[in-house]
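[1] everything below, folded, please.
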Amino acid sequence: MSGLDLFQQCPPGLGGTNCTQATCQSPYVDPGKRTLKPNTDQTCSSCDQGFSGINCNICSGKNSCQAIKSQLSPSNASPDTMAAAFGINQTLTCFPQPEVITQSFSDCEVKQATISAVFPGNLRLSLIRVAEPENSTATGQPSWSSQAGTTLSSVWLDGVEQFYCQAKGCTGQNQTQAISSVASETKWGTYNWTCSSLQCYCIPGTTMCNDNGPFPLSSLIASITGSLSLPCDYADPSNETATHACAFKGEILQNFLGDAGLPLQNCRSGSCMAQGTLDNFWANEVATAGAAGDKSSDSAQLTGGVIAGLVVLGLVVLGLLSLIGVGLLFRRRAARKPRAPPTGPVGLRWTNLSYTLPRPGKVGSALNQISTARHRNNASAFAADKEAHVMDDLGNGEPTYFNDTPDCLLQSVSGFAAPGKMVAILGPSGADKTTLIDLLAGRAKSGTQGGQVAYLYMNDSALDSQSTPASQSKLIAYVDQEDQLPALATVREALEFAATLSHTENVPSHERAQLVNRVLDALGLT
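    Numbering: from 1, shown residues only. Below you'll find the model as predicted:
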């Protein structure tokens with residue numbers, strides 16, 4: 001009887017007392033009749049042809065299963081008999097991948113530096129995984145008391161079983177995270193076999209479980225419980241002798257060995273099954289994947305709220321694109337607009353200019369009160385010199401006195417600047433020179449303005465005066481005394497930026513560049 005509580009008899013590849021000794025031959029021999037492997041041998045030396053592994057469970061070669069089936073049961077080699085037993089495609093094949101379709105056998109080398117250093121020797125792990133009981137009629141293998149969704153793993157040191165683990169509640173599915181770090185070994189994908197309940201048992205007296213030994217692991221192995229994860233990379237399907245990498249992962253093992261768990265290398269998997277069973281499995285896999293795709297497509301349908309949001313977003317994007325398009329159209333039209341002939345030098349004449357701050361309570365009253373207070377505070381400093389001289393470059397001009405009313409900043413200010421000439425406006429601090437310049441430049445101010453500003457054009461060496469239309473305000477260039485240039489821009493870049501803003505679209509870029517160069521040359525900045 002089996003010492004394994006998941007099985008009523010020893011499974012294929014195990015025999016002896018409590019099923020703790022490896023057996024030889026192949027799964028096509030009844031598990032109870034298979035020859036026991038001597039503990040002095042690391043592997044079986046009498047495996048049937050086409051089978052290998054520490055207990056001869058691994059088929060190798062596509063035709064190995066059909067060959068031994070015909071050899072052991074020649075009476076079943078009749079095509080009619082096999083067709084009746086197996087269906088249309090009755091040929092047996094060896095499935096060498098770690099994926100579990102019915103039952104699967106695997107044999108791996110344990111490669112873990114710490115364990116190998118403590119327990120040197122040939123350390124291996126064998127696996128029997130059952131998704132559903134094998135159809136012995138289809139495969140010709142003797143039946144045994146397998147249970148669906150179970151796993152039996154055995155750890156061997158130099159051919160002697162040290163401990164084993166049983167798990168139930170097992171299922172398998174593909175995953176994206178590979179086990180091997182070699183790209184050529186991971187391109188086929190990875191299969192993960194997971195179990196919900198795991199329990200490991202030590203075999204008393206063995207090297208690893210000897211309580212009197214240098215490194216007894218009995219308590220540690222007995223504590224390995226919980227869930228189990230057995231991920232394995234798929235083997236190269238074009239190579240019948242290809243191996244693959246796996247890992248034995250559990251919470252206790254990962255706490256002791258790290259996240260990688262117990263690494264398994266040079267694994268070989270193999271199980272015999274009818275080709276028809278394999279074909280049906282792949283067909284079901286494709287159908288299931290298609291149904292899952294249809295379901296995900298249905299669940300991905302847009303709801304009314306999402307559609308409404310997309311419509312609003314689309315309208316916003318369309319509006320932005322429309323604005324950009326209109327802007328580009330206007331810019332193109334402006335670039336094609338004929339340029340007005342050059343006017344030459346332009347002068348200014350201002351007559352009886354006045355400016356009064358708004359009374360408190362009106363828009364901007366707070367700012368104007370501050371300006372008035374500043375005017376009052378500065379009054380004592382220039383009471384004797386409270387006048388502003390407006391002179392042209394020839395020194396002509398008359399002093400203009402301000403009204404004593406605090407709210408009146410300018411009154412009856414007149415003067416002119418001849419075309420092509422420079423005029424300086426002089427006065428003490430707080431004499432409202434900036435206010436006068438603002439009025440001449442046509443800047444918007446909150447107070448009450450009075451007087452007249454006219455342009456002076458040079459025409460046949462004569463001065464013509466005319467009123468100031470709004471369109472002619474572009475003839476005035478104004479540099480604010482608080483103007484700040486971009487901190488990270490060069491002088492040329494700052495001038496190019498100003499030229500781009502001050503000139504219309506019908507001024508070509510090369511002309512703007514010439515203007516910038518002219519200014520740089522005049523200022524000696526080149």
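[2] wait, a strand at Gly169?
    Yes: assessed by DSSP: H, G, I helix; E, B strand; the rest coil, Gly169 belongs to a strand.
[3] does it touch Gln199 like I think?
    No: contact criterion Cβ atoms under 8 Å: Gly169 and Gln199 do not qualify, at 11.9 Å. C-beta coordinates here come from the backbone N, C-alpha and C atoms, glycine included.
[4] got the CA positions of the strand or helix carrying Ser219 in PDB?
    In the assignment (DSSP states H and E), Ser219 maps to helix 218-222. What follows is helix 218-222, C-alpha atoms only, in PDB (Å, rounded to 0.1, in the frame of the first residue of the first chain):
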ATOM      1  CA  SER A 218      13.200  17.800   9.000                       C
ATOM      2  CA  SER A 219      11.500  20.800  10.700                       C
ATOM      3  CA  LEU A 220      12.000  23.100   7.700                       C
ATOM      4  CA  ILE A 221      10.600  20.500   5.200                       C
ATOM      5  CA  ALA A 222       7.700  19.700   7.400                       C
END
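[5] okay, now the unreliable bits of the stretch 51-200 of the chain?
    73-88 (pLDDT under 70).
[6] do a quick rundown of the helices in it.
    64-72, 79-86, 113-118, 136-139 (DSSP state H, counting those that start in this stretch).
[7] please, where are all the helices along the stretch 301-450 of the chain?
    With DSSP H, counting those that start in this stretch as the criterion, the stretch 301-450 of the chain has helices spanning 304-336, 365-379, 433-441.
[8] quick one: closest of the ones you listed to Ala113.
    helix 304-336 (53.2 Å; Cβ to Cβ).
[9] for that closest one, give the mean pLDDT please.
    Helix 304-336 carries an average pLDDT of 89.
[10] tell me what Thr23 is bridged to.
    Here Thr23 sits in beta bridges with Leu36, going by DSSP bridges.
[11] burial count for it?
    For Thr23, the count of nearby residues is 25 (other Cβ atoms under 10 Å).
[12] same question, Gly149
    By the measure other Cβ under 10 Å, the count of residues near Gly149 is 17.
[13] so who does it touch?
    Neighbouring residues of Gly149 by Cβ atoms under 8 Å, 6 or more residues apart in numbering: 130-131, 168-171, 195.
[14] and these, which is closest to Gln42?
    Comparing those against Gln42 with Cβ to Cβ places Val130 closest, at 26.5 Å.
[15] ok, that closest one to Thr151 distance?
    Distance, Val130 to Thr151, by Cβ to Cβ, to the nearest Å: 8 Å.
[16] which neighbours do the two have in common?
    Common contact partners of Val130 and Thr151 (Cβ under 8 Å, 6+ apart): Cys170.
[17] where do the strands sit along the stretch 351-500 of the chain?
    Secondary structure of the stretch 351-500 of the chain (DSSP state E, counting those that start in this stretch): strands at 387-391, 399-401, 408-417, 424-426, 448-459, 462-467.
[18] could I get the full set of strands for the stretch 1-150 of the chain?
    Using DSSP E, counting those that start in this stretch, strands in the stretch 1-150 of the chain cover 14-15, 21-22, 51-52, 58-59, 92-95, 103-110, 123-130, 150-157.
[19] looking at those, which is nearest to Pro263?
    strand 103-110 (7.5 Å).
[20] pull up the pairing partners for that closest one, direction included.
    Sheet pairing for strand 103-110, assigned by DSSP bridges, gives strand 123-130 (antiparallel), strand 262-274 (antiparallel).
[21] Serialize the ones you listed to CSV and add fields for distance to Thr435 and mean neighbour count.
    Listed next are the strands paired with strand 103-110 as CSV, based on distance: least, Cβ to Cβ, whole Å; neighbours: other Cβ atoms under 10 Å:
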stretch, distance to Thr435, mean neighbour count
strand 123-130, 94, 23
strand 262-274, 85, 23
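[22] any idea how far the residue lying closest to Leu515 once chain neighbours are set aside lies from Met422?
    Sequence neighbours aside, Ala499 is the residue nearest to Leu515 in space, at 5.7 Å (criterion: Cβ to Cβ, 6 or more residues apart in numbering). Look at Ala499 and Met422: by Cβ to Cβ, they are 22 Å apart.
[23] neighbour count winner among those two?
    Under the criterion of other Cβ under 10 Å, the comparison of Ala499 against Met422 puts Ala499 first, with 18 against 8.
[24] check contacts around that one.
    Residues near Ala499 by Cβ under 8 Å, 6+ apart: 512, 515-516.
[25] tell me which of those fall in helices.
    The subset of those located in helices under the criterion DSSP state H comprises 512, 515-516.
[26] before we move on, the earlier item: just the buried ones from the contacts of Gly149?
    When the contacts of Gly149 are checked for burial by 16 or more other Cβ atoms under 10 Å, the buried set is 130-131, 168, 170, 195.
[27] and those residues as TSV, adding distance to Ile58?
    Listed next are the buried ones among the contacts of Gly149 as TSV, based on distance: Cβ to Cβ, whole Å:
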residue	distance to Ile58
Val130	16
Ala131	17
Lys168	23
Cys170	20
Cys195	21
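[28] show me which of the residues you listed is closest to Val118.
    Distance to Val118, by Cβ to Cβ, is smallest for Cys195 among these, at 26.9 Å.
[29] give the contact list for the closest one.
    With contacts defined as Cβ under 8 Å, 6+ apart, Cys195 is in contact with 149, 151, 167-170, 227-230.
[30] now, which of the residues you listed sits nearest Gly121?
    Proximity of the contacts of Cys195 to Gly121 (Cβ to Cβ) peaks at Leu230, which lies at 23.3 Å.
[31] check contacts around the residue nearest to that closest one when sequence neighbours are not counted.
    Leaving out its chain neighbours, the residue that sits closest to Leu230 by Cβ to Cβ, 6+ apart is Trp193, at 4.2 Å. The contact partners of Trp193, taken as Cβ under 8 Å, 6+ apart, are 98, 100, 129, 151, 170-172, 229-232.
[32] just the buried members of these?
    The neighbour count (16+ other Cβ under 10 Å) marks 98, 100, 129, 151, 170, 172, 229-232 as buried among those.
[33] identify the bridge partners of Thr151.
    Thr151 forms beta bridges with Arg129, Ala167, as assigned by DSSP bridges.
[34] which residues touch stretch 165-180?
    Here stretch 165-180 has contacts from 4-6, 99-100, 129-131, 147, 149-153, 185-186, 189-201, 224, 228, 231-233, 244-247, 263, using Cβ under 8 Å, 6+ apart.
[35] ok, 7 Å please
    Outside stretch 165-180, the residues that touch it by Cβ atoms under 7 Å, 6 or more residues apart in numbering are 4, 6, 99-100, 129, 131, 149-153, 186, 189-200, 224, 228, 231-233, 245-247.
[36] for the residue lying closest to Ala131 once chain neighbours are set aside, what are phi and psi?
    Spatially, and ignoring its direct neighbours in sequence, Ala131 is nearest to Val100 (4.5 Å; Cβ to Cβ, 6+ apart). Main-chain torsions, Val100, degrees, to the nearest 10: phi -100, psi 120.
[37] ok, Val100 touching Ile128?
    No: using Cβ atoms under 7 Å, Val100 makes no contact with Ile128, being 10.1 Å away.
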